[in-house]
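Asks: Fold the following for me, if possible:
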Amino acid sequence: MIKFTRLTQWTGCILLAVIVIAGLAGTAGAVTFPIPSLELNIGTAQEPEEVAVVLEIIALLTIISLAPAILILMTPFARITMIFHFLRQAIGTQSSPPNQIIVGLSLFMTFCIIKPVALEVYDKALNPYLERKISYEAAFDEAQKPIRKFLLLNTREADIALFVKETGMKKPETRDDVSLLALIPAYVISELKTAFIVGFILYVPFLVIDMVVASVLLAMGMMMLPPVMISLPFKLMLFVLVDGWNLITGSIIKSFGV
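Replies: So this is what the prediction gives:
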């Protein structure tokens, strides 16, 4: 009886919903909603400022489309992400912390490290340009200075010399004369090398624990017991006792020297 009553209630609700929808459909023809129209025209500009605005919009859209590449290649994001992945593999946890947490933490650390550079770009380039105090050429030149300083601070001279030679550019007299075309890829491979060095250092203590546990199990004749199952708790305990997350994140932030 209870099931029949509930079925009747659900049937009534469905019929009521159908009636309401049918009523709205019947009255839809009598109600008109204003729909905005969008027109795109190509015509002759009357003033040079109109062309400048169009070029600014195109440049802005280009920068937005290249934002992921800029974030990865010209910020500490690549080094931080790779170090955290090496750390997770060294400890032996397959998917903990998950990739979402690693990427999110890397993003916030990137913002923390790059904040002084971004503020300097805003104060000396973007804000004066928006206030029409300087031209976009001067704004671009001013924006390059703090970015170039950050990239040079974390790029090896050997990597810069490699790309200057391969691109056929004139040998720069000072580090400030290095073109961004050679500086950016040199910064990327320098970051990769630094991340691999840190990854090797992180692997060493956990590898020692794995070797000790494997030797003890072999000496006890427990060859069927996976050494990872025994060594993982010890590695986690070691990482927690030394306050690993605080130590690693602090060392990463200080390593950029910003």
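Asks: distance of Phe234 from His85?
Replies: Distance, Phe234 to His85, using CB to CB, to the nearest Å: 22 Å. In this view, the C-beta of every residue, glycine as well, is placed from N, C-alpha and C.
Asks: again, but for Ser179
Replies: Using CB to CB, we find Ser179 at a distance of 31 Å from His85.
Asks: Then Tyr129?
Replies: Distance of Tyr129 to His85, computed by CB to CB: 38 Å.
Asks: Counting neighbours around each, name which of the two comes out higher.
Replies: For Tyr129 versus His85, the count of surrounding residues by other CB atoms under 10 Å is larger for Tyr129: 19 against 15.
Asks: Based on its surroundings, how many neighbours for Ser190?
Replies: Applying other CB under 10 Å, we find 19 residues neighbouring Ser190.
Asks: from now on call the first residue 29
Replies: With the count now opening at 29, the last piece we talked about shows up as Ser218.
Asks: In terms of helices and strands, where is it?
Replies: Element membership of Ser218, judged by DSSP states H and E, is helix 208-247.
Asks: Pull out the buried positions in that helix.
Replies: Of the residues in helix 208-247, those buried by neighbour count under the rule 16 or more other CB atoms under 10 Å are 210-216, 218-219, 222-223, 226-227, 230-231, 234, 237-238, 241-242, 245.
Asks: List of residues touching the next helix or strand after that helix?
Replies: Remark: after helix 208-247, the chain's next helix or strand is helix 255-269, criterion DSSP H and E. Residues from elsewhere that reach helix 255-269, judged by CB atoms under 8 Å, 6 or more residues apart in numbering: Ile119, Gly120, Thr121, Pro233, Phe234, Ile237, Asp238, Val241, Ala242, Leu245.
Asks: got these as a markdown table, with pLDDT and distance to Leu88 columns?
Replies: Putting the contacts of helix 255-269 into a markdown table (pLDDT from 0 to 100; distance: CB to CB, whole Å) gives the following:
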| residue | pLDDT | distance to Leu88 |
| --- | --- | --- |
| Ile119 | 88 | 43 |
| Gly120 | 85 | 46 |
| Thr121 | 83 | 42 |
| Pro233 | 90 | 48 |
| Phe234 | 90 | 46 |
| Ile237 | 89 | 52 |
| Asp238 | 86 | 51 |
| Val241 | 86 | 56 |
| Ala242 | 85 | 57 |
| Leu245 | 82 | 61 |
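Asks: can you redo these as a markdown table with distance to Asp271?
Replies: Listed next are these as a markdown table, based on distance: CB to CB, whole Å:
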| residue | distance to Asp271 |
| --- | --- |
| Ile119 | 15 |
| Gly120 | 19 |
| Thr121 | 18 |
| Pro233 | 14 |
| Phe234 | 16 |
| Ile237 | 18 |
| Asp238 | 22 |
| Val241 | 23 |
| Ala242 | 27 |
| Leu245 | 29 |
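Asks: from the residues you listed, which is closest to Val270?
Replies: Nearest to Val270 among these: Pro233, at 9.1 Å, using CB to CB.
Asks: List the buried residues in stretch 169-183.
Replies: Within stretch 169-183, the residues that count as buried by 16+ other CB under 10 Å are Glu170, Ala171, Gln172, Pro174, Ile175, Arg176, Phe178, Leu179, Leu180, Asn182, Thr183.
Asks: correct me, but the second one touches Tyr150?
Replies: No: when contacts are counted by CB atoms under 8 Å, Ala171 is not listed as touching Tyr150 (9.1 Å).
Asks: mind checking how far Pro125 is from Phe262?
Replies: In this view, Pro125 and Phe262 are 19 Å apart by CB to CB.
Asks: likewise Thr277?
Replies: Relative to Phe262, Thr277 is positioned 23 Å away (CB to CB).
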